[in-house]
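# predicted model and sequence follow; I will ask about them next.
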Amino acid sequence: EDLLAATQTTSRNERQICCVHADIDGDASPGDCLWRVLLRAVVDSDTFAYAITGLVMVNAILIGFETDYSARHSGSEKMPGSYLLGRLFCYIFTAEVACRIVSHGLVEFFGGTEWKWNIFDFLVVGLQWLDEAVDAMTGGGSSGMNLGFLRILRTL
């Protein structure tokens, strides 16, 4: 069947775009929502994987710059712009994990073939949010905790 079958006219002459009766690369099944099928096609694409890998590498470079800056300034101040960039990466990686959860579903995300990497990514993003919460509670000052280094684990 064709993807256009998703817009079949119902008995009340309404357009139905939620239930897909098409099979895109063998990944869709009857009853999947069209937007989930499309999201899954994007999330599972090589282009998406390369883009996220590139962002992880840029994030690792940023962490290196932050560490160097902190060492050169006795750890007393953060590199200008690092807070905003760190937060931006946190939002991007949260959106990435959320898109994978939505497109694959909770059961497949946490129990499918890639479950180990998915849990790892989920935990790293959760730790990023913990780091953000600690920064917010301490006003961005030193709290004795530095969880920012954990972001570099995504390069594995």
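Arrived safely, thanks for sending. Numbers count the residues shown, from 1 in each chain.
# what about the helices in the chain?
In the chain, the segments counted as helices under DSSP state H are 34-43, 46-72, 82-104, 106-111, 115-137.
# would you turn these into JSON lines with mean neighbour count and mean pLDDT?
Quick note: C-beta positions are derived from backbone N, CA and C, even for glycine. Output for the helices of the chain, formatted as JSON lines (neighbours: other CB atoms under 10 Å; pLDDT from 0 to 100):
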{"stretch": "helix 34-43", "mean neighbour count": "17", "mean pLDDT": "93"}
{"stretch": "helix 46-72", "mean neighbour count": "14", "mean pLDDT": "92"}
{"stretch": "helix 82-104", "mean neighbour count": "16", "mean pLDDT": "94"}
{"stretch": "helix 106-111", "mean neighbour count": "13", "mean pLDDT": "94"}
{"stretch": "helix 115-137", "mean neighbour count": "15", "mean pLDDT": "89"}
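# residues in contact with residue 115?
residue 109 (CB atoms under 8 Å, 6 or more residues apart in numbering).
# now do it against residue 57, distance only.
24 Å (CB to CB, to the nearest Å).
# try residue 92
On the measure of CB to CB, residue 92 and residue 57 end up 13 Å apart.
# then residue 50?
In terms of CB to CB, residue 50 sits 11 Å off from residue 57.
# ok, now residue 70?
20 Å.
# before we move on, what about residue 132?
From residue 132 to residue 57 the distance is 21 Å (CB to CB).
# same deal with residue 125?
17 Å.
# over to residue 99?
From residue 99 to residue 57 the distance is 20 Å (CB to CB).
# same deal with residue 74?
Residue 74 is 28 Å from residue 57, by CB to CB.
# next one: residue 48
With CB to CB as the criterion, residue 48 and residue 57 are 15 Å apart.
# how about residue 118?
When residue 118 is compared with residue 57 (using CB to CB), they lie 20 Å apart.
# over to residue 117?
Looking at residue 117 against residue 57, where the rule is CB to CB, the gap reads 17 Å.
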